[in-house]
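S.K.: What follows is a predicted protein model with its sequence.
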Amino acid sequence: MISRQTSQKIAFTLLTLAAFVVVVPIVLVVGYIVVQGAGAISWEFLTAMPREGMREGGILPAVVGTVVLTFGTAIVAMPIGIGAAIYLAEYARDTWLTRLIRLAIINLAGIPSVVYGLFGLGLFVLFLNFGTSILAGSLTLGLLTLPVVISTAEGAILSVPQSFRVVSISLGGTRWQTIRHQVLPHALPGIITGVILGLERAAGETAPILFTVAAFYLPRLPHSILDQTMALPYHLYVISTQVPGMPVEVQFGTALVLLILVLSFNVIATIIRSHFRRLRQW
Amino acid sequence: MTEDRRNEQQRHPWGEFFIESAIKTCGFSAIIFVVLIFSFLFREGAPAFWSVSPSNLFGTRWYPTFGLYGTLPLILGSLLVTVGAVIIALPLGVATAIFVGEVAPHWLREVLKPLIEVLAGIPSVVLGFLGMVALSPLVRQYLHMPTGLTAFTGAVLLAYMSLPTIVSVAEDAIDAVPKEYRDAAYALGATHWQTIWRVVLPAAKSGVIVAVMLGIGRAIGETMTVMMVTGNAARMPLEWNALFMPVRTMTATIAAEMGEVAQGSTHYHVLFAVGIILFVITFIINAVASLVIIRGGPKRGGRLLG
Amino acid sequence: MTEQAKFLIENLTFYYDSGPPALRNINLTIYPHEILVIFGPALSGKSTLLRLLNRLNDLVYDTRMEGRILLDGEDIYAPGVNVTELRRQVGMVFALPIPLPTTIRGNVTYGPRLAGERNRARLDELTEQSLRAAALWDEVKDRLDEPANALSGGQQQRLCLARVLALQPEVILLDNPTSGLDPLSTAKVEASLQTLKRDYTIVMVPHSVQQAARIADRAAFLLSGELIEHNIAAELFTRPQDKRTEDYITGRFG
């Protein structure tokens, strides 16, 4: 019979081990990409068009494409997502309809990204005839991002103390005035954090843009929202699976740029969060 | 004076009416989008169900060039990779959640949580790329396989991709266990571990189940990683060592083939039909998970989506 | 009483959710320029009654009300009533001081600005008037643009009073406004109420029977949602008609 202290020791050792098995590969993965990819990164790599079947030159159109798509995603997801969050946090009562909305949001969050891609193809590209375009891609990515934006924004709105609302109402504020002057300003940092985390996910997605916007090889910058564009995640997929004789360095360099771009969203979100937490007055 | 003050018109009645209507519309949009998504999948996928015979559509052979649209190998492929991923991720994820939530000292927690968030942020195509160039050679070498692009390789990567979801949801569930339960256990002389094992975990059970289900949902829908590392052979994974052979999943099939099919062809419709199958599977998983959440109180719902 | 009623509460019964009524068949008249004190043990419905007078209970779902509440002869629950205007007319000060997370000036001018007042000079004038009336002007006049949170608890509560006064209301509701305050601050608030009743009608839930007796012109005793009795304060506190009132004010229960 093992003593209770011994069994606790064994259990905690195993738990520690598990946590390290989870975390160490993360460090390795990031470290490996940084080490292997750093050499490829140069001013030319970031600012030149790809040449020689993408084996030489830079990745500018892919970087620009991803930035443009991320903006497009924000334009689609932000108003709808924040609006829905305000509705759920401030207007919706606990009815079957509200529960249905929550069920829908959870399910939207669970729909596979490739299915969003199919939907974008069916609705935006073909039915609405936007073609494979930045517009269709942004709309698709925007929908995909919506659940994250809604749920984090709702959390931020709910964390504003109820007393501020009651005071504002008691001073003759209408419901919308109260939201506008007492709720949204204080929820804003949390909302922005949520939007950024949503965009982080969108910027790294490949499957939803496969059939809606991404160009295999298009060494120019997009002219309008009805243009196709290259995008970093798809570009990485292309050069690591579709192009024979691709220099490994270019692949790692592309992976590193994508990783930095995406994780910088994470860093920005963290900074905003901690900055405003210190400023908070309640 | 009193009366006319009270009966005076609201200050910006139209502006407010407009904004509140817009907010309401946004609120209902989620339902509209789910319906839209399903109807467009159905619109494009339904023809497959009458132009391809059921025995063909649910057959064992996927050779679209020869008119063979058997989705069974794809469904089983997805299933195999997902089950493999969950077997790896479940113990790791729950153990990590317990470690982070209950055992780790404060400073370590502050290191671990952002790291796990970083994992959630790594694009699947980057993990797929690393799986190809780093993990699959290891798999081939150490397991003496002819190829490292196997269901197992995919399962390992998928496990890591679903870990952030599992850890954060499970940790929330553990966090939500009332402090009184723990105090009562300590008062009875239980050790910290006994308290976790006998009191905290059972109390957090439904939340942990939700965590695992959402992890499954994430794994089954993952596309790029599996497409890049599982070898993409559309074969029935029925051998005892099928886990260590190449497979092909539903998601990878759609992603790889949709770009090359003619719009309106049978193949095109069948790929949408595969999308319907995926949609329905994840819909069921998420609906059941959200029922568990809603029963467990409305407050826990929020964090699940992040 | 020959004066016209400010508030007329008729046969008021009020339910939260599906439970027993929080208020049962209340009939009460509130006259202009008096301090009416509504007192009674905890959970007797005092705050509920107060919140019904400016429809703050509208924020709570699943409530049911029977009876009528008339303000200057008009039913405030009639359809088409401008509720936000009602709340400006009938201001409320809460038990705990809840300054909005902005400046002192921002707190005082919040209500008027929502009502559409944009004139800077007018807002400054209102700020000074209201802060003077709440006996806070001298303490804060040099730091109007500092955060309201920096004030002491007593100052914050007077700020909340000033904030309501800036709405230029006709009635002020005070829900146990001195509960968190030290005796000195309490005295200041009570003193300003005595001045304010010249211009306003004041309805207050007091902190204690003693406070009720100190400041009330008239008093109403609530017990378990029922109005046991109401009368001129001097009468009620010295010669209560009902045994339960007597027991409560002499400290035999509650």
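M.R.: Good, I have the coordinates.
S.K.: any chance you could map the helices in chain C?
M.R.: With helices called from DSSP state H, chain C shows them at C:46-53, C:83-89, C:104-114, C:120-133, C:137-140, C:153-165, C:183-196, C:209-215, C:233-238, C:243-249.
S.K.: So what's the residue count around the residue nearest to residue B:135 when sequence neighbours are not counted?
M.R.: Excluding its sequence neighbours, the residue lying closest to residue B:135 (C-beta to C-beta, 6 or more residues apart in numbering or on different chains) is residue B:153, at 5.8 Å. Yep, even glycine has a C-beta here, placed from its N, CA and C like the rest. Look at residue B:153: counted by other C-beta atoms under 10 Å in any protein chain shown, it has 31 neighbours.
S.K.: correct me, but residue B:153 touches residue B:229?
M.R.: Yes: taking contacts as C-beta atoms under 8 Å, residue B:153 lies within contact range of residue B:229: 4.6 Å.
S.K.: helix/strand/coil for the residue lying closest to residue A:183 once chain neighbours are set aside?
M.R.: Closest residue to residue A:183 apart from its sequence neighbours, by C-beta to C-beta, 6+ apart: residue A:160 at 5.1 Å. Assigned by DSSP: H, G, I helix; E, B strand; the rest coil, the conformation of residue A:160 is coil.
S.K.: burial measure for residue A:160, as a count.
M.R.: 21.
S.K.: thinking again about what came up before, now for the residue nearest to residue B:135: which residues touch it?
M.R.: Applying C-beta atoms under 8 Å, 6 or more residues apart in numbering or on different chains to residue B:153 gives the contacts B:131, B:135-136, B:139, B:229-230.
S.K.: Ok, residue B:222 next?
M.R.: If you count contacts by C-beta under 8 Å, 6+ apart, residue B:222 has them with A:112, B:124, B:158, B:161-162, B:251.
S.K.: what are the phi and psi values for it?
M.R.: Main-chain torsions, residue B:222, degrees, to the nearest 10: phi -70, psi 140.
S.K.: can you check the one 5 residues further on too?
M.R.: Note on residue B:227: backbone dihedrals following degrees, to the nearest 10 are phi -60, psi -30.
S.K.: what's the distance between the closest residue to residue C:222 other than its chain neighbours and chain A?
M.R.: By the measure of C-beta to C-beta, 6+ apart, the closest residue to residue C:222 outside its immediate chain neighbours is residue C:40, 3.8 Å from it. Distance of residue C:40 to chain A, given as C-beta to the nearest C-beta, to the nearest Å: 22 Å.
S.K.: how many other residues sit next to residue C:40?
M.R.: Using other C-beta under 10 Å, residue C:40 is surrounded by 26 other residues.
S.K.: does it really touch residue C:227, like I thought?
M.R.: No: using C-beta under 8 Å, residue C:40 makes no contact with residue C:227, being 9.2 Å away.
S.K.: overlap in contacts of those two?
M.R.: By C-beta under 8 Å, 6+ apart, residue C:40 and residue C:227 have these common neighbours: residue C:221.
S.K.: Now the spatially most central residue of chain B. Nearest residue, chain neighbours left out?
M.R.: Geometric centre of chain B, nearest residue: residue B:218, 1.3 Å, by C-alpha atoms, centre = their mean. Leaving aside its sequence neighbours, residue B:218 sits nearest to residue B:162 (C-beta to C-beta, 6+ apart; 4.5 Å).
S.K.: mind listing what residue C:122 touches?
M.R.: Contacts for residue C:122 (C-beta under 8 Å, 6+ apart) come out as residue C:112.
S.K.: measure it to residue C:109 for me?
M.R.: For residue C:122, the distance to residue C:109 (C-beta to C-beta, to the nearest Å) stands at 10 Å.
S.K.: chain center to the helix or strand hosting the residue nearest to residue B:218, what's the gap?
M.R.: Per DSSP states H and E, residue B:162 falls inside helix B:151-175. Helix B:151-175 sits 9 Å away from the centroid of its parent chain (C-alpha atoms, centre = their mean, to the nearest Å).
S.K.: next helix or strand past it?
M.R.: helix B:179-187.
S.K.: right, is that next one up against chain A?
M.R.: No: judged by C-beta under 8 Å from any C-beta of the partner chain, helix B:179-187 stays clear of chain A, getting no closer than 12.7 Å.
S.K.: Next, the angle helix B:151-175 makes with the longest helix seen in chain A.
M.R.: Scanning chain A for the longest helix, with DSSP H as the assignment, gives helix A:4-38. With axes from the mean of the first three to the mean of the last three C-alpha atoms, to 10 degrees defining the directions, helix A:4-38 sits at 130 degrees from helix B:151-175.
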